[in-house]
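In: Mind looking at a prediction? Sequence and model below.
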Number of protein chains: 2
Amino acid sequence: VTVLTGASPARRASTPAPTARVGMIGAGQLARMTQQAAIALGVELRVLTEDPEAPAVRAGATPVLGRADDPAGLDALAAGCDVVTFDHELVPAGLLAGLARRATVRPSPAAKAMAQDKLHARRTLRGAGLEVPPFAPCDGAAEVAAFAAEHGWPVVVKARSGGYDGRGVWRADDERDAARICREAEAAGVALLVEAHVDIAAELAVLVARTPSGARAAYPVLETHQRDGICIDVVAPAAVSADQAARATRMAVAIADGFDVAGVLAVELFLTGDRLLVNELALRPHNSGHLTIDACPASQFEQHLRALLDWPLGETGLLAPAAAMVNVLGPPDGSDPARRLTHALAVPGARVHLYAKAARPGRKLGHVTALGATADHALDRARAAAAALAGP
Amino acid sequence: VTVLTGASPARRASTPAPTARVGMIGAGQLARMTQQAAIALGVELRVLTEDPEAPAVRAGATPVLGRADDPAGLDALAAGCDVVTFDHELVPAGLLAGLARRATVRPSPAAKAMAQDKLHARRTLRGAGLEVPPFAPCDGAAEVAAFAAEHGWPVVVKARSGGYDGRGVWRADDERDAARICREAEAAGVALLVEAHVDIAAELAVLVARTPSGARAAYPVLETHQRDGICIDVVAPAAVSADQAARATRMAVAIADGFDVAGVLAVELFLTGDRLLVNELALRPHNSGHLTIDACPASQFEQHLRALLDWPLGETGLLAPAAAMVNVLGPPDGSDPARRLTHALAVPGARVHLYAKAARPGRKLGHVTALGATADHALDRARAAAAALAGP
């Protein structure tokens, strides 16, 4: 017979070590959602950031205060971590290579370079036999004009590195546009490439996780919708044929294998006619995969942790016939959508994810997901909740 | 044209206030899982604990270091919080009543008393017309014998308060058992009640959330399996008739309404023949509802936050035909199941939740869930993963 006294002796027991320690360079929303996944697995997530109030820190990740472009910051993060990874692409390649000699960095700097340098990625992918949009390096307006003479106007001029959410991408309709873009880029020291403008039937994304041991798991093919270069919403599964989905998945797995990726790889593809062209790569969890948190047994964030740590990968099927994700962008009036949270929570079936970031017009501040019998059904619900957050 | 420099100005923006601040008395696994739900909603969870390494603190909840039986600790927690709630029943009723005069405490102390004093709960429920097992207050072995003379041996003797996981509950087969139990309880200052032993066909649990505004949402009826008074596993939906499920749900909703519950209420029921008897109440998220994290659009933890804050309630249906949860208890050898995590992750479809608690034999250290086409299918998968964690 055990008689209770009311006090629980459990409270003073020593706590166990984490199951693993993962260091992440960056502490934005991707790190924040990785932290959410880390809790259930008993993983300690440490994040390198200059901001003690960064989104991931506010979600409980352990902050390591420092800069991603400072070797001391990188070393402070790596100390005691089983593996170091990224929530962004902003670590100088030289520092990354140095870090990889002193710590386990996944994905490897060589693989990561595929996401850091678009010209390098295009060349490498084409060299591996994967179809990409026609492209050329570009040192000035004359080269853009020569490229356009072959492929036609308009063309797309891109920064080789550093661009995201539509930044670092410009459309040039003629030589005058090209001259202006090249002049401003040169003034800012930004290296460029030029690409053919592709007639896009759909933009797809395939997320595949791969472990250092070579296990891989792909999620259902996603269809993304952009406005002004920013991802607006995503549905799964994509409205493509089974053959197209299978080809897209094979391409993503081939890239993951070919470049020895460890962690989650996001491959963005253009569907043009029946052809699939590789557009961008991200070697980390990706905005297009946020719906996996609510729609799949293992989210892309949990899967990233599993893959980085060479643990068994989780299941990637959809829990419903369809799922949708809508980004919550800061509204034009600068107000914070979080103040309208209760309106979004009133939308049946919508699941709200806020990032605890300061509101600014156009900034990604959160996302909403919904499951549904069809993609349109799921998208309608998610859009209703996102609209409630965006305000009247 | 915007040209990037590589540095993101976003990193130094000021961070917004949380959407709400919730104080929780206690920082165990229930607080930990509440913290996981709080992240997505932008809610700041503060937890009152003496342990700066408590499970919820390790998951990122803000610790308020203090004691639940100290008014100063309670006040420190309440300061700046929109609402104060609980992850356990161990706050003295007098202190709680005092706190409720200075802060918003949900559920109210009057409602919370239903979970703190089993004799009070039995009397109140019976008074409200709800069926409970036959019971009587008990000041000594003679009263147990008198009760048994009416209801038959064996009887169940319970501590009026403080018991959980089989502690504070004893079966008495005869007068000698009764005398021993009463003697030891008296020595420890534990007040008792005595109940008839019920022939149980199934143990059920109904979770219902209720807001201060009176909105309620019930989850599908759960079926729980106990061993030595400890919950071993849970499946949803329960294997009961539609009529039985409807009656169980009505009883839980009636209790929530009748006692003006705010937050999640767990009602444990005995099914005996075709009759439903109310067993225990918990006015907080409950072990039986852990599967809602993976199996429902809104988990019981998110729902608890929504209900406490008088926000719209979330959807409570199952995302699959069936779901199961198996508790991970500390194995007899004292080893930490977290060390065997990768074996559990290899079980297809299993979802592992670790609590970052020090391992002790029999202690709840985590849980595993799985979805399935049937309850048995889900339970098989969850059991396989839990067995992998328990060790060889």
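Out: Thanks, I have the structure now.
In: and stretch A:214-222, does that touch chain B?
Out: No. Stretch A:214-222 stays clear of chain B (CB under 8 Å from any CB of the partner chain), getting no nearer than 10.3 Å. For every residue, glycine as well, the C-beta is placed using N, CA and C.
In: what does that stretch contact?
Out: In this structure, residues lying in contact with stretch A:214-222 by CB atoms under 8 Å, 6 or more residues apart in numbering or on different chains are A:204-210, A:234-238, A:240, A:244-245, A:248-249, A:252-253, A:256-257, A:288-289, A:291-292, A:296, A:300, A:303, A:312-318.
In: Only C-alpha atoms, please: export that stretch in CSV.
Out: C-alpha atoms of stretch A:214-222 as CSV (Å, rounded to 0.1, in the frame of the first residue of the first chain):
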residue,chain,number,x,y,z
GLY,A,214,21.2,6.6,-48.4
ALA,A,215,17.6,6.1,-47.3
ARG,A,216,15.1,8.5,-49.0
ALA,A,217,11.4,9.3,-48.7
ALA,A,218,9.5,11.7,-51.0
TYR,A,219,6.3,13.5,-50.2
PRO,A,220,3.5,13.7,-52.7
VAL,A,221,4.1,16.2,-55.4
LEU,A,222,3.0,19.7,-54.4
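In: Quick check: residue A:266 touching residue A:284?
Out: Yes. Under the criterion of CB atoms under 8 Å, residue A:266 is in contact with residue A:284, at a separation of 7.4 Å.
In: can you list the weak-confidence ranges in the stretch 101-250 of chain A?
Out: When residues are selected by pLDDT under 70, those of the stretch 101-250 of chain A lie in A:163-166.
In: Quick one: name the residues of it near chain B.
Out: Residues of the stretch 101-250 of chain A lying near chain B (CB under 8 Å from any CB): A:159, A:161-163, A:167-168, A:170, A:180-181, A:184-185, A:187-188, A:190.
In: If any of these are buried, put those into a PyMOL selection.
Out: Buried residues among these (16 or more other CB atoms under 10 Å in any protein chain shown), as a PyMOL selection:
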select buried, chain A and resi 159+161+162+163+167+168+170+181+185+190
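In: just the helices in the stretch 151-300 of chain A please.
Out: With DSSP state H, counting those that start in this stretch as the criterion, the stretch 151-300 of chain A has helices at A:175-188, A:242-258, A:292-295, A:300-308.
In: Pick the most buried one from those.
Out: The highest mean neighbour count among the helices of the stretch 151-300 of chain A belongs to helix A:300-308 (a mean of 29), with neighbours defined as mean count of other CB atoms under 10 Å in any protein chain shown.
In: touching chain B at all, the following helix or strand past that one?
Out: On the C-terminal side of helix A:300-308, the closest following helix or strand by DSSP states H and E is strand A:322-329. No. Contact between strand A:322-329 and chain B, assessed by CB under 8 Å from any CB, is absent, since the two come no nearer than 10.8 Å.
In: What strands flank strand A:322-329, and is each parallel or antiparallel?
Out: Paired neighbours of strand A:322-329 in the sheet (DSSP bridges): strand A:230-236 (antiparallel), strand A:364-372 (antiparallel).
In: Pretty sure residue A:299 sits against residue A:293.
Out: Yes. The criterion here is CB under 8 Å, and residue A:299 meets it with residue A:293 at 4.3 Å.
In: Show me whatever sits in contact with both of those two.
Out: With contacts taken as CB under 8 Å, 6+ apart, the residues that reach both residue A:299 and residue A:293 are residue A:33.
In: where does the closest residue to chain B within the stretch 1-150 of chain A land in three-state SS?
Out: Closest to chain B within the stretch 1-150 of chain A is residue A:60: 1.6 Å, counting by CB to the nearest CB. For residue A:60, the reduced secondary structure class is coil; criterion used: DSSP: H, G, I helix; E, B strand; the rest coil.
In: Contacts only, for it.
Out: Residue A:60 neighbours (CB under 8 Å, 6+ apart): A:35, A:39, B:35, B:39, B:58, B:59, B:60, B:61.
In: Could I get the average pLDDT for the helix or strand the first one falls within?
Out: This points to residue A:35. Assignment of secondary structure by DSSP H and E places residue A:35 within helix A:29-41. Model confidence over helix A:29-41 averages 98 on the pLDDT scale.
In: Whatever helix or strand comes next after it pairs with which strands, and in what direction?
Out: Once helix A:29-41 ends, the next helix or strand along the chain (criterion: DSSP H and E) is strand A:43-49. Paired with strand A:43-49 in the same sheet, following DSSP bridges, are strand A:20-25 (parallel), strand A:62-65 (parallel).
In: Kindly calculate the angle that strand A:43-49 makes with helix A:29-41.
Out: Relative orientation of strand A:43-49 versus helix A:29-41 (axes from the mean of the first three to the mean of the last three CA atoms, to 10 degrees): 160 degrees.
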